[in-house]
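Visitor: Sharing a model prediction with you, sequence too.
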Amino acid sequence: MTSLLHFISAGGWVMYPLLLLSLVAIGVIIERFLAYRTIADDSPGLLGQVITKCGQRDFEGALALCQARPGPVAACLATVLIHREQPVEDIERNVQEVGEGYFIRLERFLPILDTTTTISPLLGLLGTLFGMIGTFQAIAASKNQGSRDTILSGVGEALYATATGLTVAIICFIAYNYFSSRQRMVTIETEQSATKLINDLRAREVIQYEVREKAGVA
């Protein structure tokens, strides 16, 4: 505990905003890990099961499978099934609305990690510059070589701020890229799954509105 306090004080005043940023970043990372366990669930294997049920004309069973799973893929597949008797454009619009609700939740708090990645090394560099300016001012005012050696050792302590800033930035950068990558993959998987189910239902003539319009029946 004493060494930690010494490390913080050695870095100067800039260590306090860096400490605050690091605590906020840790909180965001933990919250996102817990949240992504449900809202980023891409329901592997669900699409195949739903298509099989639809092939058996068991739409209620297919819907029950979707409603039993969390995440945007299951929610969007359920939306397709619920609105399967509507025009394709309406189905796609409903799917987009449901999917965007999940995608917004996936994006939540990620800008904090992105901002921390940018600001942390800059704060660290700023703290080091202030520390070195103070050190060289003390050197200029000193007439004793031994005192100068003591003052120069303070340059190393001033680098604590840079080391802290870079550490915080690296951790946030890794976490931000991980969550962003999962967000992109879930978004792609959701869109592709909904499209495949719509195409399958159209092929089975479950969705017939466009066919009827072209035939002049609608």
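Guide: Now that the structure is in, tell me what you want to look at. Numbering: from 1, shown residues only.
Visitor: Lowest-scoring secondary structure element of this structure by mean pLDDT?
Guide: helix 209-215 (a mean of 45; mean pLDDT, DSSP states H and E).
Visitor: helices and strands around whichever helix in the chain runs longest, which ones?
Guide: If you go by DSSP state H, the chain has its longest helix at helix 145-203. Applying 3 or more Cβ pairs under 8 Å, 6 or more residues apart in numbering; DSSP states H and E, we find helix 145-203 packed against helix 2-10, helix 15-39, helix 46-55, helix 72-82, helix 88-107, helix 110-141. Placement of C-beta: from N, CA and C, glycine included.
Visitor: one more time with 6 Å, if that's ok
Guide: helix 15-39, helix 72-82, helix 88-107, helix 110-141 (3 or more Cβ pairs under 6 Å, 6 or more residues apart in numbering; DSSP states H and E).
Visitor: Now do that helix against helix 46-55: the angle between them, please.
Guide: Counting by axes from the mean of the first three to the mean of the last three Cα atoms, to 10 degrees, helix 145-203 lies at 10 degrees to helix 46-55.
Visitor: Low-confidence regions, the chain specifically.
Guide: Counting by pLDDT under 70, the low-confidence segments of the chain come to 1-2, 4, 6-7, 10-11, 137-158, 207-218.
Visitor: Which residue lies nearest the spatial centre of it?
Guide: Centroid-nearest residue in the chain, with Cα atoms, centre = their mean: Phe179, separated by 3.4 Å.
Visitor: mind checking how far that residue is from Tyr36?
Guide: To Tyr36, Phe179 is 7 Å away according to Cβ to Cβ, to the nearest Å.
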